[in-house]
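Q: Below is the structure, and that's it, no one-letter string:
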């Protein structure tokens with residue numbers, strides 16, 4: 001559960017069956033002008049995927065007992081005509097710095113950083129060394145902190161990334177861990193990470209209106225239209241027949257009356 005090469009697994013859910021860590025942050029060794037806070041930065045993630053503490057981490061302060069309950073949420077997104085997402089597989093991988101060096105599998109955050117790095121190289125013609133995630137860019141010149149043009153271009157692309165306007169496709173299947181934590185003030189620092197329960201939540205996308213339903217609705221409407229059309233045609237034919245019958249009867253009566261008057265004279 002807590003280390004990928006290890007065979008240790010949680011057999012039950014709850015605080016008594018998780019990871020318990022006691023730590024000493026040694027605050028006397030902190031430099032106040034540099035360190036604004038003391039504590040641990042904890043990331044709960046899939047052991048096969050690269051962690052990103054700066055984006056996903058939870059700050060665990062000292063002098064407190066911190067409980068972190070974990071629940072897995074799996075999101076299934078739809079591709080094709082319903083949306084745009086990336087189907088990661090062995091035949092269709094994304095090669096990032098994390099996979100090449102640390103042998104981690106595909107992760108959404110690594111994919112976004114790869115997309116961001118590619119966009120910086122594409123627009124700025126330089127490589128942001130803080131995003132060294134794509135090994136093909138190792139031969140490209142790094143963006144210079146002395147170049148105002150490079151700084152403005154990199155900041156522009158970063159702003160696009162923050163606003164979500166970059167064309168980066170999310171993963172179709174995604175797994176994340178929902179954390180809920182509670183701090184109890186104590187005279188020591190202790191961290192407990194555990195599974196809240198053995199169930200997990202699946203969030204799956206489904207089409208609201210499928211093509212088969214569209215064809216079915218069209219067929220139903222067309223059938224209704226044809227039915228009304230045939231009924232209308234039959235009614236018109238019946239009306240014409242009745243009209244013709246009335247005209248014929250009127251003509252017959254007229255000729256009979258005329259012949260009767262001729263014979264009487």
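A: In hand now; what should we look at? Model, not experiment: these values are computed from the prediction.

Q: can we go C-alpha only for contacts and neighbour counts from here?
A: Fine.

Q: Which positions within stretch 196-212 qualify as buried?
A: The neighbour-count check on stretch 196-212 (16 or more other C-alpha atoms under 10 Å) flags residue 196 as buried.

Q: first vs last residue of it, how far apart are they?
A: 41 Å (C-alpha to C-alpha, to the nearest Å).

Q: Need the contact partners of that stretch.
A: 12-15, 69-78, 82 (C-alpha atoms under 8 Å, 6 or more residues apart in numbering).

Q: Now intersect the residues you listed with the strands, please.
A: 69-76 (DSSP state E).

Q: can I get these in JSON lines with neighbour count, distance to residue 225 and pLDDT?
A: Converted to JSON lines, those look like this (neighbours: other C-alpha atoms under 10 Å; distance: C-alpha to C-alpha, whole Å; pLDDT from 0 to 100):
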{"residue": "69", "neighbour count": "22", "distance to residue 225": "59", "pLDDT": "83"}
{"residue": "70", "neighbour count": "24", "distance to residue 225": "57", "pLDDT": "81"}
{"residue": "71", "neighbour count": "19", "distance to residue 225": "53", "pLDDT": "81"}
{"residue": "72", "neighbour count": "20", "distance to residue 225": "51", "pLDDT": "78"}
{"residue": "73", "neighbour count": "16", "distance to residue 225": "47", "pLDDT": "76"}
{"residue": "74", "neighbour count": "16", "distance to residue 225": "45", "pLDDT": "76"}
{"residue": "75", "neighbour count": "17", "distance to residue 225": "42", "pLDDT": "74"}
{"residue": "76", "neighbour count": "16", "distance to residue 225": "40", "pLDDT": "73"}
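
Q: And for stretch 236-248, what's in contact with it?
A: For stretch 236-248, using C-alpha under 8 Å, 6+ apart, there are no contacting residues.

Q: who's in contact with the residue nearest to residue 40 when sequence neighbours are not counted?
A: In space, and not counting its chain neighbours, residue 40 is closest to residue 60: 5.0 Å by C-alpha to C-alpha, 6 or more residues apart in numbering. Listed by C-alpha under 8 Å, 6+ apart, the contact set of residue 60 reads 39-42, 66, 191.

Q: Turn the residues you listed into a markdown table, columns for distance to residue 108, secondary structure and pLDDT.
A: Shown next, in a markdown table, are these (distance: C-alpha to C-alpha, whole Å; DSSP: H, G, I helix; E, B strand; the rest coil; pLDDT from 0 to 100):
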| residue | distance to residue 108 | secondary structure | pLDDT |
| --- | --- | --- | --- |
| 39 | 27 | coil | 81 |
| 40 | 24 | strand | 82 |
| 41 | 20 | strand | 84 |
| 42 | 19 | strand | 86 |
| 66 | 27 | strand | 82 |
| 191 | 27 | strand | 70 |
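
Q: on that earlier part again, what two of the ones in strands among the contacts of stretch 196-212 are the furthest from one another?
A: 69 and 76 (22.9 Å; C-alpha to C-alpha).

Q: Could you list the domains of this structure?
A: 1-77+176-208, 86-171, 210-265 (automatic domain parsing).

Q: ok, which stretches of the stretch 101-250 of the chain are helices?
A: With helices called from DSSP state H, counting those that start in this stretch, the stretch 101-250 of the chain shows them at 108-124, 148-163, 211-264.

Q: Ranked by average pLDDT, which of those falls at the bottom?
A: Note on these: lowest mean pLDDT is at helix 211-264, with a mean of 76.

Q: so where's the stretch 1-150 of the chain uncertain?
A: Counting by pLDDT under 70, the low-confidence segments of the stretch 1-150 of the chain come to 1-7, 32-33, 35, 79-107, 132-138.

Q: Go again with 80.
A: 1-15, 17, 27-38, 46-52, 54-56, 64, 72-115, 129-140 (pLDDT under 80).

Q: gap between residue 39 and residue 166?
A: 34 Å.
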